[in-house]
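Enquirer: Sequence and computational prediction follow.
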Amino acid sequence: MNRVPVEKKVLNENQQLAEKLRARFREHNVLCVNLISSPGAGKTSLLERTLESMDHLTRVAVLTGDIQTENDADRLKRFGYPVRQITTGGTCHLDARMIEKGLEGWSLDDLDILFIENVGNLVCPSSYDLGEEAKIVVLSTAEGDDKPLKYPSIFFKSELMILNKIDLLPHVKFDPEQAKQNARRVHPEMEIIEVSCTTGAGLDEWLGWLNRRWTAHGLETVEQAG
Amino acid sequence: MHELSIAMSVLESLKAEAIRRPGARFTKVGLRIGELAGIDPEALTFGFEALIKETEWQSLALDIESVPRRQRCPRCNLTFAVRDYKFTCPNCGELETTCASGDELDIAYVELEEA
């Protein structure tokens, strides 16, 4: 009997492809963000409000994942930006290969920001690197404020938490301070923005975050090239 | 929920390893899974057993080592296991410690009999 060390990531192939995508995004100065939440937390609504409010100088595109239907792509196409639906046909997450395929025919030179809307699921998407610069987790006040403790993996790996549907706070038993505290117990450096896609509260802060992240990303890219 | 895809990826890696070692008989594969990886070892074992059943891999054993979340203290350099989300260094009280382990999803080793 012989024990041989392997020391390899289980998702090695996905990881390698994700690194390739990340290098392509950096080369073309595209900020890629991966939006993750449970079903119904408001990823599509957030993107609708984002696309609606974007100044038209920023060139954005969306890859949106679902198990079935093109409904989300149809909702997002109204704003005139390139949108593609990735229908996984059963798979509960997006992987790097789906992103590579989804990008076919798009010129990254014509893009500033790529939004990836993952399949609604707080567990599986956390394992798959898509080459994004940042994962963003969306938690809504219609859920439990202990979600960060129940699903620590995704809260640990996300740079930003969007606390969505804050307009519902008077009607639900959700304690926003507790939710933030829970998120920071899992991930002490977590940035948090409170948003309502219905009233528009917090959207400016969110767009500011994107803008800041895009600028920082560009500077990093320039430094790396230098 | 995605444990079956993970099990399939493990098997793919083993198949690649088998091509590099012609004639070897694989008896065990060792995985290292961190508590932050979001993988349920039982569901993974179930998926893996279903995959290899009645194939040439069916006698392969799966050994899963669970890795707790550990933090490292930048001040006194202590590495400690995190319990109940307490990140403060138990030795010197430093609040700002950094994550040292816990999100692993690795194939650590294989055991085999060479031909």
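Expert: Thanks, I have the structure now.
Enquirer: Run a quick neighbour tally on B:Glu74.
Expert: Not quite, residue B:74 is Pro, not Glu. 10 (other C-beta atoms under 10 Å in any protein chain shown). Bear in mind the C-beta positions are built from the backbone N, C-alpha and C, glycine included.
Enquirer: now swap in A:Phe174 and tell me
Expert: 20.
Enquirer: what's the closest non-adjacent residue to it?
Expert: Residue nearest to A:Phe174 in three dimensions, not counting chain neighbours: A:Thr141, with 4.2 Å by C-beta to C-beta, 6 or more residues apart in numbering or on different chains.
Enquirer: Hmm, A:Trp106 is touching A:Pro82, no?
Expert: Yes. At 6.5 Å, A:Trp106 counts as touching A:Pro82 under the criterion of C-beta atoms under 8 Å.
Enquirer: for the chain, what spans make up the strands?
Expert: Using chain A here. Ranges of strands within chain A are A:2-9, A:31-37, A:60-66, A:83-87, A:113-117, A:134-140, A:160-164, A:191-194, based on DSSP state E.
Enquirer: could you do chain B instead?
Expert: B:25-34, B:61-67, B:70-72, B:79-81, B:98-101, B:105-113.
Enquirer: which stretch among those strands comes nearest A:Lys180?
Expert: strand B:98-101 (19.4 Å; C-beta to C-beta).
Enquirer: what sits up against the closest one?
Expert: A:156, B:34, B:67-72, B:74, B:79 (C-beta atoms under 8 Å, 6 or more residues apart in numbering or on different chains).
Enquirer: As TSV, the strands of chain B with mean neighbour count and distance to A:Phe25 would be great.
Expert: Below are those laid out as TSV (neighbours: other C-beta atoms under 10 Å in any protein chain shown; distance: least, C-beta to C-beta, whole Å):
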stretch	mean neighbour count	distance to A:Phe25
strand B:25-34	20	27
strand B:61-67	14	30
strand B:70-72	18	30
strand B:79-81	15	33
strand B:98-101	15	25
strand B:105-113	19	23
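Enquirer: now these as CSV including mean pLDDT and distance to A:Arg49?
Expert: Below are those laid out as CSV (pLDDT from 0 to 100; distance: least, C-beta to C-beta, whole Å):
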stretch, mean pLDDT, distance to A:Arg49
strand B:25-34, 96, 35
strand B:61-67, 96, 40
strand B:70-72, 94, 37
strand B:79-81, 95, 42
strand B:98-101, 90, 33
strand B:105-113, 95, 35
